[in-house]
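[1] Got a sequence here, can you model it:
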Amino acid sequence: MPPQSSRCERARFWASLRADGELSELESALLDAHVARCSSCRTFGGRSEEIVVALRAARLEQPAPLVLRPRQARGTGLRALQVVVAAAVVVSAGVAAAVTGPSGSTAAAKPVAMVAGADLPDRLRELRRPALVAQGRTIPRNRQLPGDLI
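    Model prediction:
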């Protein structure tokens, strides 16, 4: 039967802890007070104790020995050939994509810089500077306006 209230849920949790000897004195006193009023929690606590006593009295079972036999190699040469062919297909697809580009054109790819959102404009400029210099462009600078003097 499911717990009737949050008090019953807490009492059943405490009953489980008591069965394992992990309940504090205060929690034990509160559990005893609740169990005196609630027959379903009293039944739950009694059954929990019975299960714990039965489990502790039971003899430990020894596991059966586990024997692993090596698997016989079948078709090892065929499997190796399949792996080599799959790797060759992946490499050739990568080379074809690198040569043709994403849209099928042979245009050179533009360099891309990935930056975190917290980077400052000066850091972004440092990342773009080599590309701008290589293209022969003028490099933008922050300019201070006459009214901005401190």
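[2] so what's R59 up against?
    If a contact means CB atoms under 8 Å, 6 or more residues apart in numbering, then R59 has no contacts. C-beta: built from backbone N, CA, C; applies to glycine.
[3] Which pLDDT value belongs to it?
    pLDDT for R59: 89.
[4] repeat for G21
    87.
[5] do you know how far it is from S28?
    Relative to S28, G21 is positioned 11 Å away (criterion: CB to CB, to the nearest Å).
[6] So for these two, which residues contact both of them?
    In contact with both G21 and S28: no residue, using CB under 8 Å, 6+ apart.
[7] Pick out whichever of the two has more residues nearby.
    Using other CB atoms under 10 Å, the more surrounded residue of G21 and S28 is S28, with 13 against 7.
[8] Name all residues that make contact with the more buried one.
    By CB under 8 Å, 6+ apart, the contact set of S28 is 14, 18.
[9] And A86, how close does it get to P130?
    Separation of A86 from P130 (CB to CB): 38 Å.
[10] wait, I meant V95
    Per CB to CB, V95 is found 27 Å from P130.
[11] Same check on V53?
    Per CB to CB, V53 is found 77 Å from P130.
[12] Also A93?
    31 Å.
[13] swap in G45?
    Distance of G45 to P130, given as CB to CB: 74 Å.
[14] What degree of burial does the residue lying closest to D20 once chain neighbours are set aside show, as a neighbour count?
    Of all residues not flanking D20 in the chain, V52 sits nearest, at 7.0 Å (CB to CB, 6 or more residues apart in numbering). V52 has 15 neighbouring residues, counting by other CB under 10 Å.
[15] Helix, strand, or coil at P70?
    Of the three states, P70 takes coil under DSSP: H, G, I helix; E, B strand; the rest coil.
[16] my bad, L60
    Per three-state DSSP, L60 ends up coil.
[17] so where do the helices sit in this protein?
    For the chain, applying DSSP state H gives helices covering 6-19, 25-37, 39-57, 76-100, 121-135.
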